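Participant: sequence below, structure please.
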Amino acid sequence: MKKIKIALAALLSVLFIVSCKGGSDTPESAVKAAVEAVKAKNWGAVYEALSKDTTAKIETSLKAMINLMASMAQAGGSEDPQVKKMLELKDLTGKDFFVKLVEANASESDQFMAELNAFEVVKADIQGDKATVTVKTASKPSEEIPMIKEDGKWKIDFAAKIAESMQQGGK
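Facilitator: A predicted model of the protein is given here:
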């Protein structure tokens, strides 16, 4: 259970630092829009801002953890309210899964909201349909956000970061 919470916290921290609303014409504007989407807690718009590979990784990784939680809860007769919330997500997919996942972990998000007050785009390095946007937050002087252009809009592409977080959470 602790490993699952660590993995969820890692995912949420990435989401709240880098999420943006709907994709934008430039990587910088996509990242700047993040502040407004997160402040508004518009998780559907955040989902739309993520690359296709990122959303697939989120769903695959977290569904595996939810299935593990379900097995553990069934074996141990768990009454943990957080476990019950997570088990309710088991049959959802795509955007519905993502939105309900973030809403179910709202208490985890509050600690990241303070980061938005000192959020600043420092620079963007664009290489064709890929980019890296460097941002600064209250706790991190430099954070790199990978971006990819899909269907003419810049999307956040941190599928590799999610995979890395999941591997670290499983150790």
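Participant: in this structure, which spans are strands?
Facilitator: Here the chain has its strands, by DSSP state E, at 120-127, 130-136, 143-150, 153-156.
Participant: next, the buried residues of the last one.
Facilitator: In this case it means strand 153-156. Of all the residues in strand 153-156, those buried under the rule 16 or more other C-beta atoms under 10 Å are 154-156. All C-beta spots, glycine's among them, are computed from the backbone N, C-alpha and C.
Participant: what's the answer for the first one, then?
Facilitator: Using 16+ other C-beta under 10 Å as the test for burial, strand 120-127 gives 121, 124.
Participant: so the longest helix along the chain versus strand 143-150, what angle?
Facilitator: Scanning the chain for the helix with the most residues, using DSSP state H, yields helix 52-76. Helix 52-76 and strand 143-150 are oriented at 110 degrees to each other (axes from the mean of the first three to the mean of the last three C-alpha atoms, to 10 degrees).
Participant: returning to what we had before: closest one to residue 74 among the strands of the chain?
Facilitator: Judged by C-beta to C-beta, the one of those that comes nearest to residue 74 is strand 153-156, at 35.1 Å.
Participant: mind giving me the packing neighbours of the closest one?
Facilitator: helix 27-39, helix 52-76, strand 143-150 (3 or more C-beta pairs under 8 Å, 6 or more residues apart in numbering; DSSP states H and E).
Participant: possible to save those as CSV with mean neighbour count and mean pLDDT?
Facilitator: As requested, the helices and strands packed on strand 153-156 are exported to CSV (neighbours: other C-beta atoms under 10 Å; pLDDT from 0 to 100):
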stretch, mean neighbour count, mean pLDDT
helix 27-39, 21, 78
helix 52-76, 16, 83
strand 143-150, 20, 93
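Participant: what's across from the closest residue to residue 125 other than its chain neighbours in the sheet?
Facilitator: Spatial nearest neighbour of residue 125, chain neighbours left out: residue 132 (4.9 Å); criterion: C-beta to C-beta, 6 or more residues apart in numbering. Residue 132 forms beta bridges with residue 125, residue 146, as assigned by DSSP bridges.
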